[in-house]
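K.L.:
I'd like to go over a predicted model; first the sequence, then the structure.
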There are 2 protein chains.
Amino acid sequence: MNIKKYNVNEEGLNRFFGPLEAKIMEVLWSSDDGIAAKEVQELVNKEHPITFNAVMTVMNRLFEKGHLQKNSQGRGRGRISTYNAVQTKEQFINEQTKAVTRGLMSEFGDLVVNHMVDALEDSDPELLAKIQEKISAMQSRKQP
Amino acid sequence: MNIKKYNVNEEGLNRFFGPLEAKIMEVLWSSDDGIAAKEVQELVNKEHPITFNAVMTVMNRLFEKGHLQKNSQGRGRGRISTYNAVQTKEQFINEQTKAVTRGLMSEFGDLVVNHMVDALEDSDPELLAKIQEKISAMQSRKQP
DNA sequence: ATCCTGATACTACGAATTGTAGTATATTTG
DNA sequence: CAAATATACTACAATTCGTAGTATCAGGAT
């Protein structure tokens, strides 16, 4: 449940997964109930051609890494194996951004803070205001 | 000059480089003038046994990736090749933390801000105050 | 001048990661 | 029983990084 490499130049889930892994997780997160490998393959296949085997193998790796849960019954053709994401997408993203953020902060705190505030100045002044509110709330909670 | 993978579970320069790469860059950054591969090997070898070839190969990769500059003259035994880091360590760290921070902010801005402020509440309240100052300075500069 | 040594360079291999392909298994259906 | 099919297991290619083997080529010793 722990991503080792964060891909700096990618976008979205591709920051945390390989491209096929990301598409598969997206499908898993889009389905409330468990979903069969075949179904996942059909859905991914709509975007770009992919064999069932490729999907199957990568799903099993995601399972081994702890991102997916597997529920199997039966064997052979009649086998039913459904997969579920272990975390919601929100939980996953939250956990990963937390890991990356806290790691960065612990060693490069002041640099990171400056980069962040600069980034917000350009693109998201509202978030700047939220930061101030959050800090003020903290401080008044600590020293009333 | 652009790191692709950020290693979430590592420390220090190992976040941006492999372990041997990191040790080599550290040596390069510790020497003001250019330094020969042999000398680098001798220095790294004090920490843990490493062959000249290993150091040489990894240094050439760092050169190909643009992190090192090479100055060669002569050939064969008498050859002198000295290596320099292209950026200072400070420049490098600044650039990389900026890339990671801005990438995170652009997609997960509010999450990252929350994680960061939470992290600072525990470990570095002074930095929290600096953030407020920086934001205030910005805002008064914009809306005088 | 010849040979050996030593600094550098080039090539190759092993492990890990991720995408892809081939084959095996076993059961449901015809 | 045989064919088709959902799943599983194994293998291979490309990339990255650490490591090892070998080649090159000038300076010094003989």
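P.N.:
Right, received. Where do you want to start? This one's a predicted model, so the numbers in the text were calculated from it and none came from an experiment.

K.L.:
look at residue A:144 and report its pLDDT.
P.N.:
What the model reports as pLDDT for residue A:144 is 66.

K.L.:
hey, where'd the strands end up in chain A?
P.N.:
In chain A, the strands defined using DSSP state E lie at A:5-7, A:35-36, A:68-73, A:80-85.

K.L.:
what's the angle between the helix ranked longest in chain A and helix B:89-123?
P.N.:
In chain A, with assignment by DSSP state H, the single longest helix is helix A:89-123. Counting by axes from the mean of the first three to the mean of the last three C-alpha atoms, to 10 degrees, helix A:89-123 points 120 degrees away from the direction of helix B:89-123.

K.L.:
wait, does helix A:89-123 contact chain B?
P.N.:
Yes. With C-beta under 8 Å from any C-beta of the partner chain as the criterion, chain B is reached by helix A:89-123 at A:93-94, A:97-117, A:119-121, A:123. Heads up, the C-betas are built off the backbone N, CA and C, glycines and all.

K.L.:
from the contact counts, what lies against that helix?
P.N.:
helix A:19-30, helix A:125-142, helix B:89-123, helix B:125-142 (3 or more C-beta pairs under 8 Å, 6 or more residues apart in numbering or on different chains; DSSP states H and E).

K.L.:
out of these, nearest to DNA strand C?
P.N.:
helix A:19-30 (3.8 Å; C-beta to the nearest atom of the strand).

K.L.:
how is chain A divided into domains?
P.N.:
A:12-86, A:91-142 (automatic domain parsing).

K.L.:
so what's the residue lying closest to residue A:67 once chain neighbours are set aside up against?
P.N.:
Spatial nearest neighbour of residue A:67, excluding adjacent residues (C-beta to C-beta, 6 or more residues apart in numbering or on different chains): residue A:86 at 6.0 Å. Each residue near residue A:86 by C-beta atoms under 8 Å, 6 or more residues apart in numbering or on different chains is listed here: A:1, A:66, A:67, A:68, A:69.

K.L.:
could you dump these to TSV with distance to residue A:77?
P.N.:
Output for the contacts of residue A:86, formatted as TSV (distance: C-beta to C-beta, whole Å):
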residue	distance to residue A:77
A:1	33
A:66	29
A:67	27
A:68	22
A:69	23
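
K.L.:
deepest in the core, which of the strands of chain A is it.
P.N.:
Across these, the average number of neighbours (mean count of other C-beta atoms under 10 Å in any protein chain shown) peaks for strand A:5-7, which reaches a mean of 19.

K.L.:
can it be said to contact chain B?
P.N.:
Yes. Strand A:5-7 reaches chain B (C-beta under 8 Å from any C-beta) through A:5, A:6, A:7.

K.L.:
and for stretch A:125-133?
P.N.:
Yes. Stretch A:125-133 lies within reach of chain B by C-beta under 8 Å from any C-beta, at A:127, A:128, A:130, A:131, A:132.

K.L.:
need the pLDDT of residue A:92.
P.N.:
97.

K.L.:
right, and residue A:119 touches residue B:104 too?
P.N.:
No. If you go by C-beta atoms under 8 Å, residue A:119 and residue B:104 don't touch, sitting 9.2 Å apart.

K.L.:
the two: who's more crowded?
P.N.:
residue B:104 (28 against 20; other C-beta atoms under 10 Å in any protein chain shown).

K.L.:
and the helix or strand bottoming out on mean pLDDT in chain A, what other elements does it pack with?
P.N.:
Using mean pLDDT, DSSP states H and E, the weakest-scoring helix or strand in chain A turns out to be helix A:125-142, at a mean of 82. Applying 3+ C-beta pairs under 8 Å, 6+ apart, one finds that helix A:125-142 contacts helix A:89-123, helix B:89-123, helix B:125-142.

K.L.:
what would those helices look like in JSON lines with distance to residue B:25?
P.N.:
Shown next, in JSON lines, are the helices and strands packed on helix A:125-142 (distance: least, C-beta to C-beta, whole Å):
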{"stretch": "helix A:89-123", "distance to residue B:25": "16"}
{"stretch": "helix B:89-123", "distance to residue B:25": "8"}
{"stretch": "helix B:125-142", "distance to residue B:25": "27"}
